[in-house]
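S.K.: Predicted model follows, preceded by the sequence.
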Amino acid sequence: MKRSGTADLPLHYGKVPAWLYERMSALGLSIVEAILTEYGKDEVLRRLSDPFWFQSFGAVLGMDWHSSGITTSVMGALKRAINPNSTSLGLYICGGKGKLSKETPMELLRVADHAGLAGEELVRASKLTAKVDNTAIQDGYQLYLHNFIVSDKGNWTVVQQGMHDHDGTARRYHWHSEQLKSFIDEPHTGINGISQGRILNLTASGASSNRQGILAIAKTDPAKTIQEFAHLIMPKKHDIQSSDVDLKRLGALLYVTRELQTDNFEELLLLKGVGPRTMQSLALVSEVIHGGPARFQDPARFSFAHGGKDGHPFPVLITIYDNSIAVLRKGIEKSKLGQSDKLRTINKLHQIVLQTEANFNPQFDIQEIIEQERRDSWKYEGRTVMGKAQKPDPNKPGIQLSLF
């Protein structure tokens, strides 16, 4: 089993407001469809098994950039959007939070019957992944969410999350069926959580002798494999600071979308009419679709696409969010008709940002950027869970920013 990683997250309670959840479903489906179009089903599964990409994906969708709520809300929104289109997409999402997690076996059997897959093997994989993270790894976290994402080819990814009894944190576990060899020797693609000191992890490669002793009693032998492991740790603080993002990457993106005259680039003419602020969001959406794995080491940067529902780094910009969905949906619909120019243009936007990064020297204060976004959020129907953004006091002068 390829182990992709884990994520440690502050535990947040509350519900995602309907105005955001609807948009998360729409944009999430569009991003998944774009990845399917460009790279295929296996790449969607690989992305979902990467804890850094998953966190960045959730931030682009407007969730709190660092919290445990990203897991439940993103998977809930994706299940709601993808499953009605599973036959055409070739992807199925089973399980969920609480009682929904217990329905995973029956859902998998229905999917297997529909898609002609080995249902009992999928159910066994689902149960084993949950059992390993709840029992073989004794880290103080009890699972309360289990999602099993499977393609019509039988490949799968598991995203599940546990809650710590005492410290108010959550830990997300990622699994991927690629190169499946063992459920008990470094099986995860990732586990995301805050360090709790020394724990009992019988799936660690260093616990092989422990497993051998236990299995000798049970008269069985464990399989062995050495896999890579990614561990994402998110802080408890809500605000975003310069240390949370790659300033060179963020600065290059802001320069391209705000100060560079994009009309000079023939490749971007198809996005003519899209304003600089929407361009900023589309550039980050494009990176989520086309960026390589190393691009997602700073998930907080992706919250600069549409903001966050808790107001960090700034309120969710409803107008910009809807523009992003509309541009991406239009590109996907055209690609289905054999006209993929717009999707290629969105990819080109990411490539231009990459080229700009090479020689970019960031000379800006990220807090000024955040304050500017907050001041302007009312123009774009900015909203948080607390309500709508208000027009700032005109007696307080704004700050003219320069990124160079």
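M.R.: Cool, the structure landed.
S.K.: Give the full set of residues in contact with Ala77.
M.R.: When the contact criterion is C-beta atoms under 8 Å, 6 or more residues apart in numbering, the partners of Ala77 are Tyr21, Met24, Ser25, Gly28, Leu61. (Glycine included, C-beta is placed from N, CA and C.)
S.K.: ok, now with 7 Å
M.R.: With C-beta atoms under 7 Å, 6 or more residues apart in numbering as the criterion, the residues that contact Ala77 are Tyr21, Met24, Ser25, Gly28.
S.K.: And the furthest pair within those residues?
M.R.: Based on C-beta to C-beta, the longest span within those runs between Tyr21 and Gly28 and measures 10.2 Å.
S.K.: out of those two, which sits in the busier spot?
M.R.: Between Tyr21 and Gly28, counting by other C-beta atoms under 10 Å, Gly28 is the more crowded of the two (25 against 18).
S.K.: Correct me if wrong: that one contacts Leu78.
M.R.: Yes: the criterion here is C-beta atoms under 7 Å, and Gly28 meets it with Leu78 at 5.2 Å.
S.K.: Give me the below-cutoff pLDDT ranges for the stretch 201-350 of the chain.
M.R.: Judged by pLDDT under 70, the stretch 201-350 of the chain has its weakly predicted residues at 201-229, 261-273.
S.K.: show me where it has helices.
M.R.: Read by DSSP state H, counting those that start in this stretch, the stretch 201-350 of the chain holds these helices, from start to end of the chain: 208-218, 247-254, 276-290, 318-336, 341-357.
S.K.: Restricting the selection to alpha carbons, write the third one to CSV.
M.R.: Right, helix 276-290. Provided in CSV are the C-alpha atoms of helix 276-290 (Å, rounded to 0.1, in the frame of the first residue of the first chain):
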residue,chain,number,x,y,z
PRO,A,276,-7.7,41.0,-12.3
ARG,A,277,-9.4,39.7,-9.1
THR,A,278,-11.1,36.8,-10.8
MET,A,279,-7.8,36.1,-12.6
GLN,A,280,-6.1,35.8,-9.2
SER,A,281,-8.6,33.2,-8.2
LEU,A,282,-8.4,31.3,-11.5
ALA,A,283,-4.6,31.2,-11.2
LEU,A,284,-4.9,29.3,-7.9
VAL,A,285,-7.7,27.1,-9.2
SER,A,286,-5.5,26.3,-12.2
GLU,A,287,-2.6,25.4,-9.9
VAL,A,288,-4.9,23.0,-7.9
ILE,A,289,-5.7,21.3,-11.3
HIS,A,290,-2.3,21.4,-12.9
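S.K.: List the buried residues for that helix?
M.R.: Residues of helix 276-290 classed as buried under the neighbour-count rule (16 or more other C-beta atoms under 10 Å) are 277-290.
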